[in-house]
Every structure is written in structure tokens, then in C-alpha cells.
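*Asks:* sequence unknown, structure follows:
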């Protein structure tokens, strides 16, 4: 169903408030590298326009608004039908993909050189969260949950700019493949000294959850209270399910399809046990 939601000044202020959290000195122990943060562009939308917050200047486009730290806001007309579900959340990347057709060339390219997050505006987000997921025990049905969601997506991209969960560097991959081939055919070769195993996807999810949780602890008290209750309900259910499982023949509740539960478990342990050093622990590369 096509959205009929039109942006308000409050919607823009909410995104700018979330950006202020990301750049706040209180989160500097997480987001130490400002260069990485400034690579990330933010995309939102209503029924007629895409709204873009970026540190990149877009040629032949006058910024709709200028923000602190030389961030620019742009507005671009679109004609995309965006589903209710897609208007209830945020994503590390661009979604729906039709948005790519409207983006200026300065923002096109892979999500490592030109990282982007995207999602709905505050009012649209809250309306759809309530309709789809309900209000009771839903920490994302309040404004603070919206702000934390944006910090969460920044966490994903910040982590991925340090370390991806798959082999994404083509030059490195080719060097690795060729070195191995040479060794198999009994040729001498110099093997790279920095052999790194990519971390699983849930490492990124844990890092993003920790970012969100830390923002809640520092800035969003009501959200954190609701999130704690929300997670406790999920973990109690997970414990009940785990008790009934035969782990000799079936997966644990902790598996690649339950990265949210894994993030809840490890995220809380990390921020409590290592309150200042969990970012470096998760960003540290695994070497062999």
C-alpha cells in the first residue's frame, strides 16, 4: 500500500537528534573514528520525497538545509510505493532497492566505499510499529526507540567498515586463493602475514545492539527500561525452548537464525563486564 505520510519538522529534528547522539563525546569510546562516521549517509522518505543527510556535497544540488559539522540535507522527489513493513524500521543499506534509482551518483557504489543507512521518518515509523507490532512491551513504539534504532544501524556500518563478516576484499581474496594454489602445486610463494578470518554476521548484530543499548543507558532512560523488559520476555521464552531441545539432533535457540537472541545475550554481558572496552574487543581482528 502506498504511503500518504508527509514529513514534519519534528521528523527532521528526530533524525538530527539521533545524529547528535552518534557524534556525542559520550559515545566516543564506541565511535572513535569520526572519518568512518562521516562516510555514512542517512536516507529517509515520505510519500513524495527522499531526504538525505550526508557529509558529501552533491553536485548541481543545493542543500535543503545545512547542519553542524558540515553535514548537508538534500531533498529528492520520488515515485516509489513503500510497504507498511518497510516504513516501520531502519536498515544498514538501502531499502527498498528502488531508492537507488533516485540517488545522486555521489552516493552510488558499494556500501563499503559509500555506506548508507535508510528508514522511515519518526511519525511514520511509530504509526507502523504500533499497527504491526503493537504498543504493549514494544520499546520501538516510542520516540526514544526510534532514536536508538538509528544509532543501532550506525553501529552495524561502523563495525562493517572495520571488519566484514564475509570475504569482501577482492584483492585480498585473490592473493589468498593464489597463495593457496601455489602451495598445492608445490610452488614457493610468500603467504600473506595478515591472514584474517571474517567474523560471523552475529558479531555485527552484537556490536549494533551494544551501540543501541549504550545510547539507551546514556540518553534514553525510558527506552532502556522498556528494552530491558522486552528482552527479558524473549530470553525467558528462549530458556523454555532450550530446555525442551535435544541438542544432539537439533539446533540450540542460539543459532544463525536467531541473531537477535545472540545479541541480547552477549550484548548485555559485554556492556556490563567490559563497559569501556567492549567496542575494541568486538572490533579486534581474529588472526591465524
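*Replies:* Structure received. These numbers were taken from a predicted model, which means no experiment stands behind them.
*Asks:* dump the residue contacts of residue 7.
*Replies:* 46, 49, 51, 121 (CB atoms under 8 Å, 6 or more residues apart in numbering). C-beta coordinates here come from the backbone N, C-alpha and C atoms, glycine included.
*Asks:* quick one: the helix or strand hosting residue 223 to chain centroid distance?
*Replies:* Using DSSP states H and E, residue 223 sits in helix 221-244. When distances are taken as CA atoms, centre = their mean, to the nearest Å, helix 221-244 is centred 21 Å away from the chain's centroid.
*Asks:* what's in contact with it?
*Replies:* So helix 221-244 is in contact with 137-139, 142, 144-145, 147-148, 213, 216-217, 252-253, 258, 260-261, 264-265, 268, going by CB under 8 Å, 6+ apart.
*Asks:* wait, residue 43 sits on residue 74?
*Replies:* No - in this structure, residue 43 is not within contact of residue 74 by CB atoms under 8 Å, at 9.7 Å.
*Asks:* Pull up the overlap in contacts between those two.
*Replies:* 51-52.
*Asks:* circling back: in the helix holding residue 223, what counts as buried?
*Replies:* Residues of helix 221-244 classed as buried by neighbour count (16 or more other CB atoms under 10 Å): 223-224, 226-227, 230-231, 238.
*Asks:* Can you flag which of the contacts of helix 221-244 belong to helices?
*Replies:* Residues of these located in helices (DSSP state H): 144-145, 147-148, 213, 216-217, 260-261, 264-265, 268.
*Asks:* what's the weakest-modelled helix or strand in the chain?
*Replies:* helix 170-184 (a mean of 80; mean pLDDT, DSSP states H and E).
*Asks:* Can you list the buried residues in it?
*Replies:* Counting neighbours by 16+ other CB under 10 Å, helix 170-184 gives 176, 179 as buried.
*Asks:* Likewise for stretch 93-100?
*Replies:* Buried, per 16+ other CB under 10 Å, within stretch 93-100: 93-95, 99.
*Asks:* Tell me the one of the residues you listed nearest residue 160?
*Replies:* Taking CB to CB as the measure, residue 93 is the one of these closest to residue 160, at 9.9 Å.
*Asks:* quick one, what contacts that closest one?
*Replies:* By CB under 8 Å, 6+ apart, the neighbours of residue 93 are 111, 116-118.
*Asks:* which one of these is nearest residue 181?
*Replies:* Using CB to CB, these come closest to residue 181 at residue 111, 29.7 Å.
*Asks:* so what pLDDT did the residue lying closest to the closest one once chain neighbours are set aside get?
*Replies:* Nearest residue to residue 111, sequence neighbours excluded (CB to CB, 6 or more residues apart in numbering): residue 93, at 5.7 Å. For residue 93, the model assigns a pLDDT of 93.
*Asks:* go on, the one 10 residues further on?
*Replies:* Here the pLDDT value assigned to residue 103 is 95.
*Asks:* List the residues that contact it.
*Replies:* 43, 50, 52, 76, 94.
*Asks:* Need these in TSV (columns: secondary structure and distance to residue 12).
*Replies:* Formatted as TSV, the contacts of residue 103 follow (DSSP: H, G, I helix; E, B strand; the rest coil; distance: CB to CB, whole Å):
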residue	secondary structure	distance to residue 12
43	strand	13
50	strand	13
52	strand	12
76	strand	15
94	coil	20
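*Asks:* mind checking the SS state of the residue positioned nearest the centre of the chain?
*Replies:* Nearest to the mean C-alpha position of the chain, counting by CA atoms, centre = their mean, stands residue 153 at 2.2 Å. Following DSSP: H, G, I helix; E, B strand; the rest coil, the label given to residue 153 is helix.
*Asks:* Show me what the nearest residue to it once chain neighbours are set aside is bridged to.
*Replies:* Spatial nearest neighbour of residue 153, chain neighbours left out: residue 117 (4.2 Å); criterion: CB to CB, 6+ apart. Legend: beta-bridge partners of residue 117 under DSSP bridges are residue 42, residue 92.
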